[in-house]
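Student: Provided below are the primary sequence and the corresponding predicted coordinates.
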Amino acid sequence: MFQMRQCQNESCRFRFPAPAGTQEGSRCPECGAATTFVNEPFGAKASGNEACGSQAFGNEAFATRSTASNDDDGPPVEALLDNIRSVFNVGAMFRTADGAGLRRLHLCGITATPRHPKVAKTALGAEQSTPWTRYTNALDAARTLRDQGAQLWALERRPGSESLFLADPRQAGAPIVLIVGNELAGIDPQLLDLCDRVLHIPMAGVKQSLNVAIAFGVAAYCLRYKRR
């Protein structure tokens with residue numbers, strides 16, 4: 001079981017998952033201030049796909065490409081990566097974002113940025129071509145994006161979630177921000193509450209989840225290139 005911790009320093013507000021009811025993460029990994037639990041415990045690996053004002057860190061926003069390629073009829077798509085723990089998963093997601101033509105990645109919580117030297121190992125240069133912004137708090141980032149007119153679509157299996165393959169992204173009528181969460185904890189429940197839609201990838205085997213980078217790749221290409 002997990003709970004979300006949040007830094008009590010209002011100039012930081014770093015938000016991340018920690019084992020429920022423990023002292024792990026009682027100090028903010030960003031600024032060292034005390035943290036506190038901010039929601040009820042939620043299930044370990046609740047995600048059906050292992051993705052499956054906002055305090056922007058120094059207003060970090062990098063790379064030069066700002067628009068996706070125009071060789072399709074899909075909507076503009078960005079992605080919010082919340083508390084992705086594996087640096088190599090982050091790098092793989094940068095490479096997928098570049099290939100699928102995502103406009104920007106929003107990196108939240110503990111998600112590594114391209115400043116981490118190991119991101120490049122799997123990004124293979126895509127970290128230099130894909131625009132990104134870093135936030136300490138995914139809720140703040142999501143609210144900002146929603147206020148700017150984006151639709152928030154989460155990738156998570158939970159009661160009431162829809163199959164990714166039945167969703168028509170062109171019905172959004174607005175840019176889509178695809179949200180994926182921590183490999184173990186899934187997406188922050190309060191972040192899910194902000195989302196316009198919650199989608200899952202159907203699983204036909206005995207396993208109920210995919211690696212977060214794999215799930216992200218499936219969803220990113222589906223949203224960008226799906227036709228009726």
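Tutor: That came through fine.
Student: assign the residue most central in space within the chain to helix, strand or coil.
Tutor: In the chain, the centroid-proximal residue (CA atoms, centre = their mean) is residue 81; its distance is 2.2 Å. For residue 81, the secondary-structure state derived from DSSP: H, G, I helix; E, B strand; the rest coil is strand.
Student: same question, residue 5
Tutor: Following three-state DSSP, residue 5 is assigned to strand.
Student: could you measure from it over to residue 112?
Tutor: Per CB to CB, to the nearest Å, residue 5 is found 19 Å from residue 112. Just so you know, the C-beta spots here come from the backbone N, C-alpha and C atoms, and that holds for glycine as well.
Student: neighbour count: the two, which is higher?
Tutor: residue 5 (25 against 21; other CB atoms under 10 Å).
Student: list the contacts of the more buried one.
Tutor: 15, 16, 17, 18, 25, 26, 35, 36, 37, 38 (CB atoms under 8 Å, 6 or more residues apart in numbering).
Student: pLDDT wise, what is the closest residue in space to the residue nearest to the centre of the chain that isn't next to it in sequence at?
Tutor: In space, and not counting its chain neighbours, residue 81 is closest to residue 111: 4.8 Å by CB to CB, 6 or more residues apart in numbering. Residue 111 carries a pLDDT score of 96 in this model.
Student: can you give me the neighbour number for residue 111?
Tutor: Applying other CB under 10 Å, I find that residue 111 has 28 neighbouring residues.
Student: before we move on, back to that, who does the residue nearest to the centre of the chain form a beta bridge with?
Tutor: Beta-bridge partners recorded for residue 81 (DSSP bridges): residue 107, residue 180.
Student: separation between it and residue 159?
Tutor: For residue 81, the distance to residue 159 - CB to CB - is 24 Å.
Student: about what we covered before: is the residue nearest to the centre of the chain in contact with residue 93, as I believe?
Tutor: Yes. Using CB atoms under 8 Å, residue 81 is in contact with residue 93, at 6.3 Å.
Student: shared neighbours, those two?
Tutor: Counting by CB under 8 Å, 6+ apart, the residues touching both residue 81 and residue 93 are 105, 216.
Student: spell out the secondary structure type for residue 18.
Tutor: Three-state call for residue 18 (three-state DSSP): strand.
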